[in-house]
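Visitor: Fold the stuff below for me.
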Amino acid sequence: MATMLDAAISMWDNGMRVIPLNGKKALIPWAKYQNETPTQEDVEAWWDRWPTANVGIITGKDVVVVDADSRDSIKWVIDNLPRTPWAAQTGKGMHFYYGVSDFEIRNSVNVDAKVDVRGMGGYVVGPPSMHSSGKRYRWVIDKAAGAQSFDDLPSLTQDDLARINSYNGVEKKGEYLFDSTTIRDAHDGSPIEEGGRNNAAASLVGQYIHEGHDLKSIKGLLGQWNDTNPEPLEKDELDTTLASVVTTHLRNNPDEPLAVEHEGFEPKPIEGIAVKGVPTHLLELPGALGAVCEYINRTAIYPQPVLSLAAALPILGTLYGRYYRSPTNLRTNVYSCSIGFSGSGKEHPLHCADQLFNESGMGERLGTGRMSSAQGLLKHCQRAPATMLAIDEFGLMLKSLTSKHASTHKADIMATLLELFSRAKGTFRGMQYADTDGNRPRVDIFQPCVSLYGTTTPNHFYESLKSTQVMDGFLNRLIIFDIGNSMPEMQEPITLEPPEPLIRYFKMVKSHIKSKQGHAADMNGTMDIPLHTVKISPEAKEYLRDYEKNIRKQMVEYRSTGTDALWSRAYEHSVKVAMIRAIGIDFKRPEVSLADVTWGCELVSNQIKTTVVDVVDRVADTEHERTLKSVLRHITRDGIAQSELTIKARAIPRDQRQKILKDLIDGGQVTMKRHKPKTGRPTTWYIRTQGNG
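Guide: Below you'll find the predicted structure:
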């Protein structure tokens, strides 16, 4: 029995640009395939992922389809348009396939249209797809005509289109409206002169519907755009355009109702998971931040709520990037690092980030840890200035960048990562080369918003660091989430597909930002952009002032350990994560509340305190110091018997281990005691002194 993949490959072999559909809705960002043909590998990968997906055929460049959905309209097409040997039976009517004409035919429909034309910017459902009625689409082909490809099909003329218009009761091209699923050359939201305003408004409404906005949001976005026009449309005329497009969409897509107003997220934490590293109440999150964490947790084989939060912050920081800022000009860029042992589930959030951005049509915002040079990194950030670097084996990458044997290219990457973090609130000015032929121009990026999510094992991460990096401003740019030995129970994950409300949310945020920034929203980092300042409530401001004073005290307290620099960005981190949480609750009118900053400050302080302990215990400048600290980690304040310590530190040669213990005792970090029981042999115990770990 032929599969949907077989059908898709057969159509692809015949020159059709095929895409996978869920019903009538595209499962992939498909717009680019209007100008390029998917490969056979693309097609096979799509139907391997969605074996029962319907087959969509993109129209406009290779084929034009006339859609008749009643007996009368089918008869009219047969009697009045050129006879075509390729047709398909649909759930309600017929699709008639034509070749492309020597002029462009756009995809356009009318509220009362009896016959629709699918051209540039659209697609149709092809056989043997399943219609919502339960009927399958099937080919109706006149084999005697001998049409083997699109080139053999007759084309529609201008007179044919005029006849279709007349049959539909449309005399003017300008009266056509757009179906939300088939928009070509979508209007970019910029102001427009008199004459094209209705078509631009219709295009925008179609885009907003396709992106998942509710009717209330669409009306608000359309009004904001209309106010930017030199001569705005009258309110009644704007409302009529909105109503027409909505009616058209509902008629053509009866299975896709529009919400009057979307409800907010109500994320639910997974119960019964042991959490280490972050107090449980800090993982109970509202809004989009909670929704992203819930998605990552519920799709994981080994759910790790702490690591879900570590990934959700840079994911949303990237989504909100280059638009939102605090009153002190802080942005939403976050560098976070997840530390856990192999098999603990720390890589799963990387796959979720990939899914979220790709499914919402923002795949270009995901960068990679495979960076060969700073110039390559900057070129990516210039193309996608709001970007998230997703880096597996982050510790190994750091080791290669900070090694004394690292090449100049590698060392430049580290310096660039440091500077990009700080330049989010201004302009990053790249390296000026000495060449005179312009082959290596300086890369400048306006308002870069680069976030980072790295995963690593403890050994790889801490072995990559030296004490100078604790002080030089690198480590304090990271919010570190270390889950220690946490190994959660396996669960049966739900589908890996992101929930539709979350994808719709990502699209809505992107659309909202675009409505505010206009054409600049689509530009790369070579152009400056308008920004929105997020309000902070008076109570939250007061809390932050007290928190900043407390940070200064913490820096003095930790100075003796050499880790005071880790506190120097605590205020900055706290405001950023509080702002991300607040935007996730209301991205249109965000305000950072007392609850947001209380959560943000407590989270950041908790992570810094945990990091301080790990740095003191693990970061070393020499191999001897590293080995010494590895022995010290086994010695607790309650003490450890010599026999047990010997087993745990057995990888260290006996002579070296004894020398290390002597150094620890001489340095006052460890005391040794002899325990003499009434019977049996005496035992030696090593005890960590108070104030050390």
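Visitor: The closest residue to K425 other than its chain neighbours: neighbour count?
Guide: Spatial nearest neighbour of K425, excluding adjacent residues (Cβ to Cβ, 6 or more residues apart in numbering): N329 at 4.5 Å. Yep, even glycine has a C-beta here, placed from its N, CA and C like the rest. When neighbours are counted by other Cβ atoms under 10 Å, N329 registers 11.
Visitor: what about F506, distance to G361?
Guide: Noted for F506: a distance of 8 Å to G361, by Cβ to Cβ, to the nearest Å.
Visitor: just the strands in the stretch 1-150 of the chain please.
Guide: In the stretch 1-150 of the chain, the strands defined using DSSP state E, counting those that start in this stretch lie at 18-22, 25-26, 54-58, 63-68, 86-89, 94-99, 115-118, 123-126, 138-141.
Visitor: Which strands border the last one, and is each parallel or antiparallel?
Guide: Put plainly, it is strand 138-141. strand 86-89 (antiparallel) (DSSP bridges).
Visitor: got a list of contacts for the partner strand?
Guide: 94-97, 126-127, 137-142, 147, 153 (Cβ atoms under 8 Å, 6 or more residues apart in numbering).
Visitor: Between those, which sits nearest L594?
Guide: G126 (55.7 Å; Cβ to Cβ).
Visitor: surely the closest one meets Y137?
Guide: Yes: between G126 and Y137 there is a contact at 6.4 Å, judged by Cβ atoms under 8 Å.
Visitor: So which residues of the stretch 251-400 of the chain form strands?
Guide: 324-325, 335-339, 366-368, 386-391.
Visitor: Out of these, flag the one nearest T280.
Guide: strand 335-339 (17.8 Å).
Visitor: Tabulate the CA atom coordinates of the closest one in PDB.
Guide: The C-alpha trace of strand 335-339 is given here as PDB (Å, rounded to 0.1, in the frame of the first residue of the first chain):
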ATOM      1  CA  TYR A 335      24.300  33.800  29.600                       C
ATOM      2  CA  SER A 336      23.300  30.600  31.600                       C
ATOM      3  CA  CYS A 337      25.200  27.400  32.100                       C
ATOM      4  CA  SER A 338      23.800  24.000  33.200                       C
ATOM      5  CA  ILE A 339      26.100  21.700  35.000                       C
END
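Visitor: Output the contacting helices and strands for it.
Guide: helix 305-319, strand 449-456, helix 458-463, strand 478-482 (3 or more Cβ pairs under 8 Å, 6 or more residues apart in numbering; DSSP states H and E).
Visitor: So for S73, what pLDDT did the model give?
Guide: For S73, the model assigns a pLDDT of 90.
Visitor: Name the nearest residue to it, sequence neighbours excluded.
Guide: K114 (4.5 Å).
Visitor: Surely the one you found is in contact with W76?
Guide: Yes: in terms of Cβ under 8 Å, K114 counts as a neighbour of W76; the distance is 7.3 Å.
Visitor: Which neighbours do the two have in common?
Guide: Joint contacts of K114 and W76 (Cβ under 8 Å, 6+ apart) are 68, 167.
Visitor: mean pLDDT for the strands of the stretch 251-400 of the chain: which is lowest?
Guide: Among those, strand 366-368 carries the lowest mean pLDDT (a mean of 81).
Visitor: Partner strands of that one and their direction?
Guide: Strand pairing (DSSP bridges) places strand 366-368 next to strand 386-391 (parallel).
Visitor: sorry, back to before: dump the strands of the stretch 251-400 of the chain to JSON lines, plus distance to E231 and mean neighbour count.
Guide: JSON lines is the format used below for the strands of the stretch 251-400 of the chain (distance: least, Cβ to Cβ, whole Å; neighbours: other Cβ atoms under 10 Å):
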{"stretch": "strand 324-325", "distance to E231": "32", "mean neighbour count": "22"}
{"stretch": "strand 335-339", "distance to E231": "47", "mean neighbour count": "26"}
{"stretch": "strand 366-368", "distance to E231": "41", "mean neighbour count": "17"}
{"stretch": "strand 386-391", "distance to E231": "33", "mean neighbour count": "26"}
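Visitor: Those strands into JSON lines, with extra columns for distance to P501?
Guide: Below are these laid out as JSON lines (distance: least, Cβ to Cβ, whole Å):
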{"stretch": "strand 324-325", "distance to P501": "21"}
{"stretch": "strand 335-339", "distance to P501": "24"}
{"stretch": "strand 366-368", "distance to P501": "21"}
{"stretch": "strand 386-391", "distance to P501": "21"}
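Visitor: quick one: which of those is nearest S203?
Guide: Closest approach to S203 among the strands of the stretch 251-400 of the chain is made by strand 386-391 (24.3 Å; Cβ to Cβ).
Visitor: Off-centre distance for that closest one?
Guide: 9 Å (Cα atoms, centre = their mean, to the nearest Å).
Visitor: Any chance you could list what contacts that strand?
Guide: 314-315, 317-319, 321-322, 350, 353-354, 357, 364-369, 380-381, 397, 449-455.
Visitor: and if you look at stretch 511-518?
Guide: 188-191, 207-208, 211, 213, 221, 224-225, 228, 322-323, 521-522, 529-530, 532, 587-588.
Visitor: Now the phi/psi pair for T684, please.
Guide: phi -100, psi 130 (degrees, to the nearest 10).
Visitor: er, S537 I mean
Guide: phi -60, psi 150.
Visitor: Leaving out the residues flanking it, which one is nearest to it?
Guide: S593 (5.4 Å).
Visitor: didn't that neighbour look like it was pressed against P538?
Guide: No: assessed by Cβ under 8 Å, S593 is found out of contact with P538, at 10.5 Å.
Visitor: ok, the two, which is more surrounded?
Guide: S593 (19 against 9).
Visitor: List the residues that contact the more buried one.
Guide: Taking Cβ under 8 Å, 6+ apart, one finds 537, 539-540, 582 in contact with S593.
Visitor: So which of the residues you listed sit within helices?
Guide: 539-540, 582 (DSSP state H).
Visitor: other SSEs contacting the top helix by length along the chain?
Guide: Taking DSSP H as the criterion, the chain has its longest helix at helix 594-618. Counting contacts by 3+ Cβ pairs under 8 Å, 6+ apart, helix 594-618 packs against helix 458-463, strand 478-482, helix 538-558, helix 570-585, helix 623-632.
Visitor: so for that helix, what's the average pLDDT?
Guide: So the average pLDDT for helix 594-618 ends up being 89.
Visitor: Okay, angle between it and helix 623-632 too, please.
Guide: 110 degrees (axes from the mean of the first three to the mean of the last three Cα atoms, to 10 degrees).
Visitor: Next, the buried residues of helix 594-618.
Guide: 594-605, 607-608, 610-612, 614-616, 618 (16 or more other Cβ atoms under 10 Å).
Visitor: residues making contact with it?
Guide: 277-279, 282, 458, 462, 465, 470, 475, 479-482, 536-537, 539-540, 543-544, 547, 558, 561, 563, 566-567, 570, 573-579, 581-582, 626, 629, 632-633, 693.
Visitor: redo that, cut-off 7 Å
Guide: Helix 594-618 has contacts (Cβ atoms under 7 Å, 6 or more residues apart in numbering) with 277-279, 282, 462, 470, 479-482, 537, 539-540, 543-544, 547, 558, 561, 563, 566-567, 570, 573-575, 577-578, 581-582, 629, 632-633, 693.
Visitor: ChimeraX command for the buried members of these?
Guide: Buried residues among the contacts of helix 594-618 (16+ other Cβ under 10 Å), as a ChimeraX selection:
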select :277,278,282,462,470,479,480,481,482,537,540,543,544,547,558,563,566,567,570,573,574,575,577,578,581,582,629,632
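Visitor: picking up where we left off before, would JSON lines of the helices and strands packed on strand 335-339 with distance to E393 and mean pLDDT be doable?
Guide: Listed next are these as JSON lines, based on distance: least, Cβ to Cβ, whole Å; pLDDT from 0 to 100:
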{"stretch": "helix 305-319", "distance to E393": "15", "mean pLDDT": "95"}
{"stretch": "strand 449-456", "distance to E393": "6", "mean pLDDT": "92"}
{"stretch": "helix 458-463", "distance to E393": "7", "mean pLDDT": "78"}
{"stretch": "strand 478-482", "distance to E393": "16", "mean pLDDT": "91"}
